[in-house]
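Enquirer: below are the sequence and a predicted model; questions follow.
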Amino acid sequence: MPKANKSNSAGKQAAISKFFKPVNNNKVPSSAVSSTGNGMNSEPTSLLLSQNGDKKPGSGRKKKHSSENEPNKKRTKLSQAQDDEDCISVQNKEVKDEPMEFSRARISSSTLGRLKGFSSSSSSSSSSVKEGLSGRERGSVSQSDSSLSESLNSSITAEGSFEEMGTESKTKKQRGPSIDLNQFAAGKGRVSRESGADSSTPNRRTKSIYTPLELQFLEIKEKHKDVLLCVECGYKYRFFGEDAEVASRELNIYCHLDHNFMTASIPTHRLFVHVRRLVSKGHKVGVVKQTETTALKAVGGNKSSLFTRELTALYTKSTLVGEDVNPLLKLGDLEEAEDVVVEDAPNNYLLCICETWGSSKDRKRQELTIGMVAVQPSTGDVVFDCFQDSSSRSELEGRVLRVQPVELLLPSELSEETERLVRSIVSMSMQGDEQVRVERMESSHFGYSNAFKIVSDFYTFTAPEDAGSQRLSSIIGLERPVVCCLAGVITYLTGFNLEKVLLSTSAFRQLSNEAECMVLSATTMKNLEILQNQTDCREKGSLLWVLDHTQTPFGRRLMRKWVTQPLISAREIQTRQDAVAEILSSESSVLGPSRSLLSKLPDLERGICSIYHKKCSTQEFLLIASVLSRLEVELRSLVPAAQSQVQSALLRNLLLETPQLLAPVHRYLRVLNEKAAKTGDKTELFADLTDFPVIRERKEEIQDVLSQIQEHRREIRLILKNPSLDYVTVSGQQFLIEVKNTMMSKVPPDWVKISSTKAVGRFHTPFIAEKSRRLGQLREQLTLDCCSEWISFLHQFGEHYHTIRKAVCHLATVDCIFSLAEVAKQSNYCRPVVLEDERQIIIKNGRHPAIDVLMGEQDQYVPNSTELLGDGKRVMIITGPNMGGKSSYIRQVAVITMMAQIGSFVPADEAVVGIVDGIFTRMGASDNIYKGRSTFMEELTEASEIIQKATSRSLVILDELGRGTSTHDGIAIAYATLEYFIRDVKSLTLFVTHYPLLCELERRCPEHVGNYHMAFLLNQHESDHHKGPGSELQPEFITFLYQLTQGAAGRSYGLNVAKLAEIPEEILRKAARKSKELEGLVNAKRRYKKSFCEAWHICDSNALKDWVHFNT
């Protein structure tokens, strides 16, 4: 170092030493103050130093890490100095040739303030600090007084403006990526606020010096700002900055400060566990892996440079496909595997929605056309739809409920009504186990011209020529909103390398095809508890819970589709019923073994899809291929018996066609070395290398090097005069020459000593050292070649994807039929008669299936019969006391109708069901805060939708319509609505009410309307027991019989429910008195009205006198 610089800085160093004390009493050069800029390096010294400058407890020196953070890697002083120079080069445009040493100093806020004043007063040049900070030369121990002052002042000022203003304008000339570092670095300001420090106190730090690994992370983060990155560093994955804090909070792992960033880490073998947890919390997670190995790096141009790393995988809730995160093997030996490996999850749909407005009239009515595409990349299932929707967005809500997506892909701008629905969906999912993730894209991606170009390019260039043109023609035939959604999904999935799932347009299906399936609105599915109960939103107690006895994950998903899409074709329904009936009655030797084959199968549908995406491990491929091959062999053995013994056309075709579709699997399984596939060793994966010349040549090169090393052993034996000498391997080091200490004199000087003990030393000759490096390079290259051949192998297998997927769908159908047969085996279930053109529902002694199962063998359920005739009495007005079973009864009728059209047997003695095109319900009372609707508004909105959509072939259920407003208004609305359904819609209708006036409609339309009530008994014993003063004001006690009976109920006995709810006696007495008063007034008015009507029709004066005398 030049003497001039030493003399110039001596006085300055003495002055600076008055203001701060270095950590561990290390000498602090003038450049030390530029080591922790941007508040990203260490905690404020106010937390670590006492007022006298001594260290507080817990402020010990931190363990140093290499810039690579690699394990067990010793670094020489020369390499450490080189890294320091690399760090300095980030700050300075001109770097001094001499290596220099940096020691970190922790400076309190008050010290920094005094230091700033000192530096500004000692140098006139320090008063003009400009934005060209990075161009100034600083950081050297040999700086002059003015340079030191200028550097200090510039660092403090730049950092303060950066932290307070939150902009990048002060640092845009600094080298490195242009990213808002305040998002990722450990924030000094936050720690200061937590410690109670005054934010106005000057506490400025100098600009940060980033390690090469940190710079590499920032470059990747700049390209993927919305991704939580897991960065591979040796034997672990690390999180940095804000990502580390999120990971620490979500994964409950330790987070600490390292260099300029907060950091946390997880072991490599637990990657899939933690990634799945982060994804389940709604994060988009990226895996950054080292794409360069040590051996290949050694022959590269820059041996001492950083390992190259790239983002190799992205994961969200709908895109959990790959060997890192979705293992199909059971993992019972791993801790906590049960709560993260969700093999049997029913759906992982990504749902894309877009809107298009029609005419100005549609805008005024807030009606628009909505397109949607839902894709499940893990199974290859794709559904779409296009429909008109009103301001309530009920159509969209119904489809979302049916799909139940885990992720929504939306334009950046949607209508306010749709946004309300999205908020409602997200809020409801937050109350359950899984929160729906929302991803936004620019609305420009959903413009039709841009969307058409994306779709046409995808199907033209990605698919083969002939198939591509055919697929494109089928896509062009879709509605415009669907094409726009499809373009958005293609764009989104391309970032995950999962877009191939959209190539097979033949697998696309329309979600709500009214020509094939029953219409079920979202309200109906909730009210009838089709997929989950209304108590705790769990599956138990729902219709799906009753019918689902499937044994496979793919069968369970298909059963869910059957339940939400009942058939409206009598022929298809009867085909399913025939299959179920044959399983119940047949003694065939085929059906029993077929059922046992389905037990304990892995998720084949997701497995083959993972193979199709080329994202599976060797273990997973071996598992899936072995299972498919075993199924093919065993099903083929059943073919002769199936042809002669199975009478059901559906079952016979499924069992005969499946083994033919699985035939190609065995050929690919035969190529693999099973032992290597189980261990994941791709270098020994292929048993026969005839079809893999690249691997064969690479292995021959490796064998040639090994032969040369073995030949070299003769020369070594001659040198050491030890004819029995052999190579040894210690701690992974191969081809070591072990020499006893007494024979060291015979070791040539050019041999390299690798390790030693008290008795021996271990060496490499120059020849062995060279060949070992060559061998390592060849082995690394062999690994890369094997990985490339493995991908090609998966691609070849993927050519049979659609064929094998069809076979898996056949197995799922067989599983669902066996599931329906398990339901039919229950006592008192019958095969319903399904009629194509008749409008009727006749049920004898029917029971609600879920309540029947929940009650078990107690045999307390009271069955009820139903008779609705389209040309006869098609409307039932049901009255009766509260809690009498009215709502359970009407649900029972609807659920039995659904079961019949699914193809299942039903819980009744007899049942005849005419095909129903839709079931519409209005039940319950609750507001909808997210849609801004009151209870009454929600009630009438649902009623309005039913009025618009119901047909004469529909089943309509209205439960206590009009109760959300005044009595007069409620009665008027209920009366007018019911009359409309009787005379205009003419649908099969169940109407539950507490308004006696509605029962008069039976008198007006006796051929179409019938009055019914749930029977009960007035308990005289209880009433006598309470006799005494004021007993006439006590509520009456009733016993529910839960039996549907003809005729209207005179009263609702609401006070009986109030007593059961333990309302205080004083309130009950007052309520009873008031009830009697009001009842007396109403009865008096009815008598007066009846009398007036009778008198009005008496024409004879003498008869009128007699009538007056009789009534007075």
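Expert: That came through, no problem. Numbers count the residues shown, from 1 in each chain.

Enquirer: okay, CA-based contacts and neighbour counts for the rest of this
Expert: Fine.

Enquirer: any idea of the pLDDT on Gln80?
Expert: Note on Gln80: pLDDT of 44.

Enquirer: cool, the one 5 residues further on as well?
Expert: As summarised for this prediction, Glu85 has a pLDDT of 40.

Enquirer: also Val730?
Expert: 93.

Enquirer: separation between it and Leu408?
Expert: Shown here: Val730 relative to Leu408, a distance of 55 Å by C-alpha to C-alpha, to the nearest Å.

Enquirer: what about the two, which has more around it?
Expert: Set side by side, Val730 and Leu408 show more neighbours around Leu408, with 21 against 10, by other C-alpha atoms under 10 Å.

Enquirer: roughly how far apart are the residue nearest the centre of the chain and Glu214?
Expert: Nearest to the geometric centre of the chain sits Lys317, at 3.0 Å (C-alpha atoms, centre = their mean). Distance of Lys317 to Glu214, given as C-alpha to C-alpha: 28 Å.

Enquirer: how about Lys825?
Expert: The spacing between Lys825 and Glu214, counted by C-alpha to C-alpha, is 65 Å.

Enquirer: just Asn347 next, same as before
Expert: Counting by C-alpha to C-alpha, the gap from Asn347 to Glu214 is 38 Å.

Enquirer: contacts for the helix or strand hosting Val563 next, please.
Expert: When elements are assigned from DSSP states H and E, Val563 belongs to helix 553-564. Contacts of helix 553-564 with the rest of the structure, by C-alpha atoms under 8 Å, 6 or more residues apart in numbering, involve 343-347, 402, 520, 530, 543-544, 548, 550, 602-605, 808-809, 811-813, 815-816, 902.

Enquirer: among those residues, name the ones in helices.
Expert: Among the contacts of helix 553-564, DSSP state H puts 402, 543-544, 604-605, 808-809, 811-813, 815-816, 902 in helices.

Enquirer: now, which of those sits nearest Met923?
Expert: Set against Met923, the nearest of the ones in helices among the contacts of helix 553-564 by C-alpha to C-alpha is Leu543 (17.4 Å).

Enquirer: quick one: that closest one and Met525 touch, right?
Expert: No: taking C-alpha atoms under 8 Å as the definition, Leu543 is not a contact partner of Met525, at 9.9 Å.

Enquirer: overlap in contacts of the two?
Expert: Counting by C-alpha under 8 Å, 6+ apart, the residues touching both Leu543 and Met525 are Leu531.

Enquirer: what's the span of stretch 507-525, first residue to last?
Expert: 26 Å.

Enquirer: buried ones in that stretch?
Expert: Counting neighbours by 16 or more other C-alpha atoms under 10 Å, one finds that the buried residues in stretch 507-525 are 508, 511-512, 517-525.

Enquirer: could I get those residues as JSON lines with distance to Gln734, secondary structure and pLDDT?
Expert: Converted to JSON lines, the buried residues of stretch 507-525 look like this (distance: C-alpha to C-alpha, whole Å; DSSP: H, G, I helix; E, B strand; the rest coil; pLDDT from 0 to 100):
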{"residue": "Phe508", "distance to Gln734": "56", "secondary structure": "strand", "pLDDT": "89"}
{"residue": "Leu511", "distance to Gln734": "62", "secondary structure": "coil", "pLDDT": "86"}
{"residue": "Ser512", "distance to Gln734": "66", "secondary structure": "coil", "pLDDT": "79"}
{"residue": "Cys517", "distance to Gln734": "68", "secondary structure": "strand", "pLDDT": "90"}
{"residue": "Met518", "distance to Gln734": "71", "secondary structure": "coil", "pLDDT": "93"}
{"residue": "Val519", "distance to Gln734": "71", "secondary structure": "strand", "pLDDT": "91"}
{"residue": "Leu520", "distance to Gln734": "70", "secondary structure": "strand", "pLDDT": "91"}
{"residue": "Ser521", "distance to Gln734": "70", "secondary structure": "coil", "pLDDT": "88"}
{"residue": "Ala522", "distance to Gln734": "68", "secondary structure": "helix", "pLDDT": "87"}
{"residue": "Thr523", "distance to Gln734": "70", "secondary structure": "helix", "pLDDT": "89"}
{"residue": "Thr524", "distance to Gln734": "71", "secondary structure": "helix", "pLDDT": "92"}
{"residue": "Met525", "distance to Gln734": "67", "secondary structure": "helix", "pLDDT": "92"}
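
Enquirer: can I get those in CSV with distance to Val489?
Expert: Formatted as CSV, the buried residues of stretch 507-525 follow (distance: C-alpha to C-alpha, whole Å):
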residue, distance to Val489
Phe508, 14
Leu511, 17
Ser512, 20
Cys517, 26
Met518, 28
Val519, 27
Leu520, 26
Ser521, 26
Ala522, 25
Thr523, 28
Thr524, 29
Met525, 27
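
Enquirer: let me see the domain layout of this protein.
Expert: With domains defined by automatic domain parsing, the chain comprises 3-194, 350-512, 553-664+800-824, 690-779, 829-1015.

Enquirer: before we move on, back to that, for ChimeraX, write the selection for the buried entries among the contacts of helix 553-564.
Expert: To isolate the buried members of these in ChimeraX, using 16+ other C-alpha under 10 Å:
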select :343,346,347,402,520,530,543,544,548,550,602,603,604,605,808,809,811,812,813,815,816,902
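
Enquirer: give me the three-state assignment for the residue nearest to the centre of the chain.
Expert: coil (DSSP: H, G, I helix; E, B strand; the rest coil).

Enquirer: for Val834, same thing?
Expert: strand.

Enquirer: try Ile947
Expert: Here Ile947 takes the helix state, with states given by three-state DSSP.

Enquirer: and the gap between it and Asp917?
Expert: Look at Ile947 and Asp917: by C-alpha to C-alpha, they are 15 Å apart.
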